[in-house]
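Enquirer: sequence-free structure coming up:
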Ligand code: AMP
């Protein structure tokens, strides 16, 4: 149930009059451009506060990674039972359209980041006029729309599934001619975990598929008979340096990520190609923070190559293994990036690693998994364990 403008602090017992009074402006060198947006930001000092839009498990794990660095987090979320509120220095529960609450939030933090890509454009612009927002909100304009995103990727000469826009029944016919069948029809906006998607088989009823998406502006993508799905989680610092985590192999069930495995079963050459793709995308965006690029591994003649499926401009589920099984986690890399701190070179711990998502009621007996050596359990502290809801994850490391 969304609540309105409830602003609370986790530290009411704090002897200081307000949580923020002593933080001061930690960013030096902020510059406003002519259109009022901040452009340059400097390094955060310990004690500074990072504002996070969104209060789910990603925000929670970002805040947990910020704490050992002496950085505080202030979460802004419309849902009062957001699981990130449990672990942050301060929280604002308000609608993304509530400019009074947004203004106060911006005033209380030193830099702003986000845990999800569907931050309303108006919210991002409002905040960017007051505090640095990283990654730059322009990235959201690209990644919130599958057609713009695919055009952006193709513009970098990076391969994707064949695709065509669909805005009408006539255009759907043209798209099928161009792309062929089988294909997947996807809404341009707001689709995730297979939502807003409909497969069209060879000889299938394309119009019924389009109707099932409520005739929403969509793209038609050729159905890729991929060998495996992989992702690269990459961080880019304020200095432009990029550090990629190892290529991760992902297994989905019912369109939801179930297991991530490292190392992925790919050759060193393919792993290099995948990392180069992620690096090129991060550079093209002039990105600051962590992003994930999801890819399909396909055969091309006698060799294999990758096709980009999707960009997530945020920390990503396929990078959760890095908390326990890498020398730096994706969450810490993101915090370091937005804070203007140096990035670490990530190295895997252990011979192999598996991350298993705990979905729905699976969370209820998570503790028993701790009897397996090398296993860590992360439970997100969400309310109801509804089917399909990501409630936690388990990481298992096999020693070298
Ligand atoms: P997405 O929401 O685009 O990440 O898609 C969710 C999942 O659907 C992917 O992880 C794939 O398993 C599958 N999928 C998406 N697009 C395609 C495609 N063009 N061809 C085959 N499978 C796909």
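Expert: Done, it's in. For clarity, every value in this text was computed on a predicted model and none was experimentally measured.
Enquirer: which stretches of the chain aren't confidently modelled?
Expert: 1-42, 193-194 (pLDDT under 70).
Enquirer: Excluding chain neighbours, what is closest to the residue most central in space within the chain?
Expert: Taking C-alpha atoms, centre = their mean as the criterion, residue 314 is the residue nearest the geometric centre of the chain, at 3.0 Å. Nearest residue to residue 314 in three dimensions, chain neighbours excluded: residue 115, at 5.8 Å (C-beta to C-beta, 6 or more residues apart in numbering). For the C-beta atoms, the positions are set from N, CA and C on the backbone; glycine is no exception.
Enquirer: who are the neighbours in contact with that neighbour?
Expert: If you count contacts by C-beta atoms under 8 Å, 6 or more residues apart in numbering, residue 115 has them with 52, 53, 54, 55, 56, 58, 59, 62, 84, 314, 315.
Enquirer: out of these, which are inside helices?
Expert: 58, 59, 62 (DSSP state H).
Enquirer: ends of stretch 62-75, how far apart?
Expert: 10 Å (C-alpha to C-alpha, to the nearest Å).
Enquirer: interface residues of the stretch 251-400 of the chain facing the ligand?
Expert: 252, 255, 294, 309, 310 (C-beta under 6 Å from any ligand atom).
Enquirer: If any of the residues you listed are buried, put those into a PyMOL selection.
Expert: Only the buried entries of those go into this PyMOL selection, using 16 or more other C-beta atoms under 10 Å:
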select buried, resi 294+309+310
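Enquirer: Kindly state the beta-bridge partners for the nearest residue to residue 180 once chain neighbours are set aside.
Expert: Once flanking residues are discounted, residue 180 sits nearest to residue 222: 6.0 Å by C-beta to C-beta, 6+ apart. Beta-bridge pairing of residue 222 under DSSP bridges involves residue 183.
Enquirer: ok now do the residue nearest to the centre of the chain, which residues does it touch?
Expert: 58, 114, 115, 116, 117, 289, 290, 291, 292, 334.
Enquirer: Go again with 7 Å.
Expert: 58, 114, 115, 116, 117, 290 (C-beta atoms under 7 Å, 6 or more residues apart in numbering).
Enquirer: What count of nearby residues applies to the closest residue to residue 386 other than its chain neighbours?
Expert: Excluding its sequence neighbours, the residue lying closest to residue 386 (C-beta to C-beta, 6+ apart) is residue 360, at 6.2 Å. Using other C-beta atoms under 10 Å, residue 360 has 15 other residues around it.
Enquirer: Just say helix, strand or coil for the spatially closest residue to residue 362 that is not a sequence neighbour.
Expert: Using C-beta to C-beta, 6+ apart and skipping residues adjacent in sequence, the residue nearest residue 362 is residue 391, 7.0 Å away. Assigned by DSSP: H, G, I helix; E, B strand; the rest coil, the conformation of residue 391 is strand.
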